[in-house]
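In: Give me a model of this one.
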Amino acid sequence: MERLHFDDESAACYAARYEDLRDAFCTEDRCDTRALRRHYKHYGAAEKRLWGCRTPARRLAGVHSSALRRASSRAK
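Out: Residues are numbered from 1 along each chain as shown. Okay, here's the model as predicted:
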């Protein structure tokens, strides 16, 4: 089983993934990361929410960027 990292960046990613959490725990320029960690531990995990910054979309974006770099270097 993967060990979760409960750092501020992971909490911010958790909030970014879910609009209801952003509305509840974030202002325009910051999030209450302690409250987000507490939310995940008490509710989010049971609700099958994803914690942290790892997402398939993020991985796909990296693959897409690599493909674009290769394509542009061949075009030169």
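
In: did I read that right, Tyr14 in a helix?
Out: Yes - when DSSP: H, G, I helix; E, B strand; the rest coil is applied, Tyr14 is found to be in a helix.

In: so it sits right up against Arg49, yeah?
Out: Yes - Tyr14 lies in contact with Arg49 (C-beta atoms under 8 Å); the separation is 7.4 Å. No exception for glycine: its C-beta is placed from N, CA and C like everyone else's.

In: between these two, what contacts are shared?
Out: Listed as contacting both Tyr14 and Arg49 by C-beta atoms under 8 Å, 6 or more residues apart in numbering are Tyr40.

In: More neighbours: which of the two?
Out: Tyr14 (25 against 14; other C-beta atoms under 10 Å).

In: so who does the more buried one touch?
Out: Tyr14 neighbours (C-beta under 8 Å, 6+ apart): Leu21, Leu36, Tyr40, Gly44, Arg49, Leu50, Trp51, Gly52.

In: Just among those, which is most surrounded?
Out: Compared across those, Leu36 has the highest neighbour count, 26 neighbours, by other C-beta under 10 Å.

In: Now do the same for it: helix, strand or coil?
Out: Judged by three-state DSSP, the three-state class of Leu36 is helix.

In: where's it relative to Cys13, distance?
Out: To Cys13, Leu36 is 10 Å away according to C-beta to C-beta, to the nearest Å.

In: just to revisit the earlier point, make CSV out of the contacts of Tyr14 and add distance to Arg30, pLDDT and secondary structure.
Out: Shown next, in CSV, are the contacts of Tyr14 (distance: C-beta to C-beta, whole Å; pLDDT from 0 to 100; DSSP: H, G, I helix; E, B strand; the rest coil):
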residue, distance to Arg30, pLDDT, secondary structure
Leu21, 14, 96, helix
Leu36, 11, 96, helix
Tyr40, 18, 96, helix
Gly44, 19, 97, helix
Arg49, 21, 96, coil
Leu50, 21, 94, coil
Trp51, 19, 93, coil
Gly52, 18, 90, coil
